[in-house]
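This is the structure alone, sequence omitted:
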């Protein structure tokens, strides 16, 4: 067997490489085609549409930068309104959620009895459909007989109109977001568990306490995880849609007009697809710039083990 | 001890909305409006579920959702495994470039591609079709699923492929008979994630389906909110029915979920 193979090695190897390449492309083709059809193609089409006044019903024409001009000059006053609402939401929700997720992960890090049950309980709300969560919260936040106001009045604290008041609707939604931080928490937990025990032992030997462990070991070692969760939190925060669409439809008086709700309204209610595409590209640019800023800043605060 | 106190306090905060939901779902309408609130319903009114089912065809919506879920989970599992195999175990020029390209798609806001994709589907299949909700899953099942499968398959020893090659097996046969069976746990993670993503999807059905008989559970529940805001007991009964399947799936597949998410964070 072996001698026979030797004589045909070179053409055999070549054939094998060719075959592997063929199968490689063939078997990866669903993903490559999918990327071209569902990502690349629409991306280019969207950029093109943003320079037109396309709507489903009419013929369309090329309008250059007019869609963008209308947005930035404030001719469409909802643009700045929705930007403000969304930034406000992200600034409240992202730090609040990261902090909550981190605190929960710190609690779960301890190998206590029943740990997996607690972990499941903390994670559970984040797998519930957003429509269901929103339904439950509409009920919990009902100003007259909702549970939250009942608890507040029982404690003799002032009640709130929650999502039915312009001033409180965005903070309320940022607060609601805590219920869906399960994924972020698990990522923090995985990060915490990858910190070697001997780092903590070193602090013990030096006579350091809990606070030293947190600031000298946990937080520095966790910076890559914090970085990841921060980027994802900002990206997802800017794209929030369903909660606001379901619970308030952007109200009251557009106080919860999240950016994507605004985009949805422009595209599917007003049928202005060209203008909506411009709105989408501005979102893309904002997310890109913010991600770049976070990436840039990460050099000064994210610690990667293995780098010196 | 204080650790337990905090864990229990946290759990209460996270569980409370569900308790309140179930409590309201089995309560008589007259009891719901009592202040201060009654915690234990008297009588337990399981009838609310039947009334909710009669008011809105949730049974129908359930089957619709199940159909979409089944089709797209199958697509995602089959094609993400095939693509993951190619990206992890076959060597071909351009492989790493294409993989990196796929991964950039993860950072792209869905809002940017939403409108052209919608217009495209409208032209190709017309309004009210499930194809826009199903077919994309058959193209690799999304970058994230391919990533999960690839990471897992990379850990399988290369010697297995080589031994099979020596025995005269082709690359596709190696995939179906060696690598795919060994990747069972990663495939389960993909199936679970895809199940949840599709079951919980709201924007997709909202954009592509507007005929009531084709509604998914998510759309049905949203419509229910609009029509029956005053009948909290029915609304909560409906919400309970929508929430139950993903919770059951989670409880059954818990360890796979938790592992899958940890992987996404570490390598992301």
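Cool, got the structure. This is a predicted model, so every value here is computed, not measured. Residues are numbered from 1 along each chain as shown, chains lettered A, B, ... in the order given.

which stretches of chain B have low pLDDT?
B:1, B:229, B:262-268 (pLDDT under 70).

Show me how it divides into domains.
Listed by automatic domain parsing, the domain ranges of chain B are B:1-45, B:56-267.

Would you mind telling me which of the ones you listed is nearest residue A:167?
Residue A:167 sits nearest to domain B:56-267 of all the domains of chain B, at 22.5 Å, using Cβ to Cβ. Heads up, the C-betas are built off the backbone N, CA and C, glycines and all.

Distance from the closest one to the middle of the chain?
Mean C-alpha position of domain B:56-267 versus that of the full chain (Cα atoms, centre = their mean, to the nearest Å) differs by 7 Å.

Next, the contact list for residue A:149, please.
A:141, A:142, A:143, A:159, A:160, A:162 (Cβ atoms under 8 Å, 6 or more residues apart in numbering or on different chains).

Could you export the residues you listed as TSV, including pLDDT, neighbour count and distance to residue B:65?
Formatted as TSV, the contacts of residue A:149 follow (pLDDT from 0 to 100; neighbours: other Cβ atoms under 10 Å in any protein chain shown; distance: Cβ to Cβ, whole Å):
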residue	pLDDT	neighbour count	distance to residue B:65
A:141	90	22	27
A:142	87	18	28
A:143	86	14	32
A:159	85	14	37
A:160	87	18	35
A:162	89	23	30
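
from those, which are also near chain B?
Filtering the contacts of residue A:149 for proximity to chain B by Cβ under 8 Å from any Cβ of the partner chain leaves residue A:142.

Turn the contacts of residue A:149 into a markdown table, including secondary structure.
Shown next, in a markdown table, are these (DSSP: H, G, I helix; E, B strand; the rest coil):
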| residue | secondary structure |
| --- | --- |
| A:141 | coil |
| A:142 | coil |
| A:143 | coil |
| A:159 | coil |
| A:160 | coil |
| A:162 | helix |
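
which of the contacts of residue A:149 lies closest to chain B?
Nearest to chain B among the contacts of residue A:149, counting by Cβ to the nearest Cβ, is residue A:142 at 8.0 Å.

Could you check how far that closest one is from residue A:55?
Distance, residue A:142 to residue A:55, by Cβ to Cβ, to the nearest Å: 38 Å.

need the contact list for the residue of the stretch 51-200 of chain B found nearest chain A.
Scanning the stretch 51-200 of chain B for the residue nearest chain A gives residue B:139, at 2.6 Å (criterion: Cβ to the nearest Cβ). By Cβ under 8 Å, 6+ apart, the contact set of residue B:139 is A:30, A:31, A:33, A:34, A:35, A:37, A:38, B:79.

try residue B:261
Residue B:261 sits next to A:183, A:186, A:187, A:190 when contact means Cβ under 8 Å, 6+ apart.

Now name the helix or strand holding it.
helix B:254-267 (DSSP states H and E).

Kindly reformat the contacts of residue A:149 as JSON lines containing distance to residue A:84.
Converted to JSON lines, these look like this (distance: Cβ to Cβ, whole Å):
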{"residue": "A:141", "distance to residue A:84": "23"}
{"residue": "A:142", "distance to residue A:84": "27"}
{"residue": "A:143", "distance to residue A:84": "25"}
{"residue": "A:159", "distance to residue A:84": "27"}
{"residue": "A:160", "distance to residue A:84": "21"}
{"residue": "A:162", "distance to residue A:84": "20"}
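
Considering the contacts of residue A:149, which is situated nearest to residue A:81?
Distance to residue A:81, by Cβ to Cβ, is smallest for residue A:162 among the contacts of residue A:149, at 20.3 Å.

My guess is the closest one contacts residue A:171. True?
No. Here residue A:162 does not reach residue A:171: they are 9.2 Å apart, not a contact under Cβ atoms under 8 Å.

contacting residues for the residue lying closest to residue B:201 once chain neighbours are set aside?
Distances taken as Cβ to Cβ, 6 or more residues apart in numbering or on different chains place residue B:218 nearest to residue B:201, at 6.7 Å, with adjacent residues excluded. Going by Cβ under 8 Å, 6+ apart, residue B:218 touches A:129, A:130, A:131, B:65, B:200, B:201, B:202, B:205, B:242.

Residue B:218: what secondary structure?
For residue B:218, the assignment made with three-state DSSP gives helix.

can you tell me how far it sits from residue B:199?
According to Cβ to Cβ, residue B:218 stands 8 Å off from residue B:199.

same deal with residue B:104?
Counting by Cβ to Cβ - residue B:104 and residue B:199 are separated by 27 Å.

Please identify which of the two sits among more neighbours.
The neighbour comparison of residue B:104 against residue B:199 (other Cβ atoms under 10 Å in any protein chain shown) goes to residue B:199, with 21 against 11.

For the one helix or strand the more buried one maps to, name the packing helices and strands.
According to DSSP H and E, residue B:199 maps onto helix B:184-200. Under the contact criterion of 3 or more Cβ pairs under 8 Å, 6 or more residues apart in numbering or on different chains; DSSP states H and E, helix B:184-200 touches helix B:58-89, helix B:143-153, helix B:232-252, helix B:254-267.

Can you say which of the ones you listed is packed in most?
Highest mean neighbour count among the helices and strands packed on helix B:184-200 (mean count of other Cβ atoms under 10 Å in any protein chain shown): helix B:143-153, with a mean of 23.

so how many other residues sit close to the residue in the stretch 151-300 of chain A that chain B sits nearest to?
Minimum separation of the stretch 151-300 of chain A from chain B (Cβ to the nearest Cβ) falls at residue A:187, amounting to 3.1 Å. The tally of other residues near residue A:187 (other Cβ under 10 Å) stands at 24.

How about residue A:215?
Using other Cβ under 10 Å, residue A:215 has 11 other residues around it.

Please name the residues that touch it.
When contacts are counted by Cβ under 8 Å, 6+ apart, residue A:215 touches no other residue.
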